[in-house]
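In: Sequence first, then the predicted structure, then my questions.
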Amino acid sequence: MLFNSIEFIFFFLPFTLLIFFIIGRQSSFWSRKLAVVWLVCVSLFFYSWSSHLYLPLFVVSMLVNYSIGSWIGNEAASSGMKKSLLMLGITFNIALLAYFKYGNFSAETINFLFGLDFKVNPIILPLGISFFTFQQVAYLVDSYRVETQSSLLDYLLFVSFFPKLVAGPIVQHKEIIPQLSDQSTYRINAQDIAIGLTFFALGLSKKVIFADSLSEYVVPVFSTAVEAPVPLIDAWIGALAYTLQLYFDFSGYSDIAIGISRCFGIRLPLNFDSPYKALSISDFWRRWHITLSNFLRDYLYIPLGGNRKGELRRNFNLMTTMLLGGLWHGAGWTFVFWGGLHGFYLTVNHQWRSYLKYLGHDPKEGSWLRNLFGWLLTFIAVVIGWVFFRAESMGAALQIIKGMFGLSGFTASNSPLYQLFSMRLVFVLLVLLAIVWLTPNTQELVGQYDNNPKVAKNNTSRLRFNLICLNPSWQPNQTWGLIIGLLIFLAVKGILTASGSEFVYASF
């Protein structure tokens, strides 16, 4: 079931909310537990709607991980036993992910390297397996660190909660479980509903109105690149259109997930913070898919040694982390290359910071000109990286890159975008870039009213360089109610006109 579908917006979500608050308003221990049972059941129904064949696998995965986590957390267990159980749990999760996500890719790679004809039946990827796998690995590690404690019922909701199930954010045990013990979670809160609907409306608008409309400029370019060169104008239009499509698609999903959860009184961590305003590639990864970046940092980069063992080891750890991060996104050499490219970007960035420190300069302080150059360089580097992320093969990606550098001509009358290229297209791209660069994001929009400590903490590290600083002063009043209603109307109209498309990150 898609968030951008009529059945979800008008049937599933309202009905789920209504029953949840009817059950939870009794203010008793058992009513709270029954409300959690309701959310677990509807979350499993939501999962089975799109992936019913793998529902048993999903349930077994949760039960196995909870059992292992409970054994790890047993005070009577020795440190050696706990470590063995942790390795067992991690192996179990990685084995499932490796089989379902990388089985076909591994067979194709082995055949290519050794000239074999080893065949594997096509494996259908279970919904959300990359996300719930990382979430459960984090739970096991936290159990080993004695940082978890929950009932089976709470754990099932922690993993299966439907707003974040398909494409994140990747949450930690400590971010969700304590909220389930708070009685206020189960009561209707007008502020939570207002903020939740605002996030939902803005996210749905980003997906339906912006992201989906950009696909007509993306598909022709990347399809042509499979078989033919792509001229300069087409290459840049395709790359920029996909850069914006992915931005509004993933930002939209993140807003929707946070908004739906907030309607239930549950706060999910921020996952998206205007990444195209970043002044460096490190800053970009603090803003793009924040929960994945935090996971890779806390459970991979730091355990590998982080930056504690010298610059050479730090660079190796960065490259390793990003290569695995790229492979996590998809089973293909384009994703591996994309991850390696960002590992290279980060290595260069860290070496530059070290050089500035050597010269006696503070890397965090810079003139407006240096900030402007850093922002532009970062954005171009990210756009180039997205070409590999989207392309169907390395050959297709290289065709587009060649075109972007002017090695395949300027334009052609028979190019797929020749008829589409017009002042309207230029205007659309410029407007969307202006929205990305010059306007506040959703959490900034509601942050001052929301008084959310996570938002407040996030805003303390805002950009010192902004092209335009806007403060629309969002309030839950009639004016904003009309705006939100209009956005939902336009989004629903778009859904009815063209059937809702899957979110990009849902395929990971």
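Out: Ah, there it is.
In: Ignoring the adjacent residues along the chain, who's closest to residue 260?
Out: Counting by CB to CB, 6 or more residues apart in numbering, residue 260 lies nearest to residue 163, which is 4.1 Å off, once chain neighbours are set aside. C-beta here means a position set from N, CA and C on the backbone, and glycine is covered the same way.
In: Please enumerate the helices of the stretch 151-300 of the chain.
Out: Counting by DSSP state H, counting those that start in this stretch, residue ranges of the helices within the stretch 151-300 of the chain are 152-160, 162-165, 173-180, 190-205, 212-224, 232-263, 281-285, 290-296.
In: Over to the stretch 301-450 of the chain?
Out: 311-329, 333-358, 368-390, 394-404, 423-438, 442-450.
In: domains for this structure, by residue range?
Out: According to automatic domain parsing, the chain comprises the domains 6-188, 192-507.
In: Which one of these has the poorest average confidence?
Out: The stretch with the lowest mean pLDDT among those is domain 192-507, at a mean of 85.
In: Output the helices of the stretch 301-450 of the chain in CSV; the columns should cover mean neighbour count.
Out: Below are the helices of the stretch 301-450 of the chain laid out as CSV (neighbours: other CB atoms under 10 Å):
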stretch, mean neighbour count
helix 311-329, 19
helix 333-358, 18
helix 368-390, 18
helix 394-404, 20
helix 423-438, 14
helix 442-450, 20
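In: mind checking which of those helices is nearest residue 98?
Out: Minimum separation from residue 98 across these (CB to CB) falls at helix 311-329, 10.3 Å.
In: Against which helices or strands is the closest one packed?
Out: With contacts taken as 3 or more CB pairs under 8 Å, 6 or more residues apart in numbering; DSSP states H and E, helix 311-329 sits against helix 129-144, helix 290-296, helix 333-358.
In: Next, the residues that contact that helix from outside, please.
Out: Helix 311-329 has contacts (CB atoms under 8 Å, 6 or more residues apart in numbering) with 102, 130, 134, 292, 296-297, 300-301, 304-307, 335-340, 342-344, 346-347, 350-351, 354, 389, 508.
In: contacting residues around the residue lying closest to residue 337 once chain neighbours are set aside?
Out: Leaving out its chain neighbours, the residue that sits closest to residue 337 by CB to CB, 6+ apart is residue 388, at 5.2 Å. Under the criterion of CB under 8 Å, 6+ apart, the contact list for residue 388 reads 334-335, 337-338, 341, 394, 397.
In: switch to 6 Å and redo it
Out: By CB atoms under 6 Å, 6 or more residues apart in numbering, the contact list for residue 388 reads 334, 337-338, 397.
In: and what of residue 71?
Out: residue 85.
In: which element is it on?
Out: helix 55-72 (DSSP states H and E).
In: Please report the number of neighbouring residues for the closest residue to residue 124 other than its chain neighbours.
Out: Setting aside the residues directly before and after it, residue 124 is nearest to residue 53 in space (CB to CB, 6+ apart), at 7.3 Å. Neighbours of residue 53 under the rule other CB atoms under 10 Å: 9.
In: Please apply the same query to the one 4 residues further on.
Out: When neighbours are counted by other CB under 10 Å, residue 57 registers 14.
In: Give me the neighbour count for the closest residue in space to it that isn't next to it in sequence.
Out: In space, and not counting its chain neighbours, residue 57 is closest to residue 126: 6.2 Å by CB to CB, 6+ apart. Number of residues near residue 126 (other CB under 10 Å) recorded here: 22.
In: Give me the three-state assignment for residue 126.
Out: Using DSSP: H, G, I helix; E, B strand; the rest coil, the structure places residue 126 in coil.
In: Need the three-state assignment for residue 36.
Out: Of the three states, residue 36 takes helix under three-state DSSP.
In: could I get the contacts of residue 388 as CSV with distance to residue 192?
Out: Listed next are the contacts of residue 388 as CSV, based on distance: CB to CB, whole Å:
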residue, distance to residue 192
334, 41
337, 43
338, 37
397, 44
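In: Need the max-distance pair from the residues you listed.
Out: Farthest apart among the contacts of residue 388 by CB to CB are 338 and 397. That separation is 8.9 Å.
In: Would you check how far apart residue 442 and residue 375 are?
Out: From residue 442 over to residue 375 the distance is 21 Å, taken as CB to CB, to the nearest Å.
In: what's the answer for residue 220, then?
Out: Counting by CB to CB, the separation of residue 220 from residue 375 is 29 Å.
In: Same question for residue 208.
Out: For residue 208, the distance to residue 375 (CB to CB) stands at 29 Å.
In: can you check residue 24 too?
Out: In terms of CB to CB, residue 24 sits 46 Å off from residue 375.
In: now residue 76
Out: 55 Å.
In: now do residue 136
Out: 37 Å.
In: How about residue 311?
Out: Separation of residue 311 from residue 375 (CB to CB): 25 Å.
In: do residue 126 as well
Out: In terms of CB to CB, residue 126 sits 39 Å off from residue 375.
In: And for residue 197?
Out: Note on residue 197: its distance to residue 375, by CB to CB, is 33 Å.
In: center of the chain - which residue?
Out: With distances taken as CA atoms, centre = their mean, residue 289 lies nearest the centre of the chain, 4.4 Å away.
In: Please give me every residue in contact with the nearest residue to that one once chain neighbours are set aside.
Out: Leaving aside its sequence neighbours, residue 289 sits nearest to residue 271 (CB to CB, 6+ apart; 6.3 Å). Counting by CB under 6 Å, 6+ apart, residue 271 touches 169, 254, 290-291.
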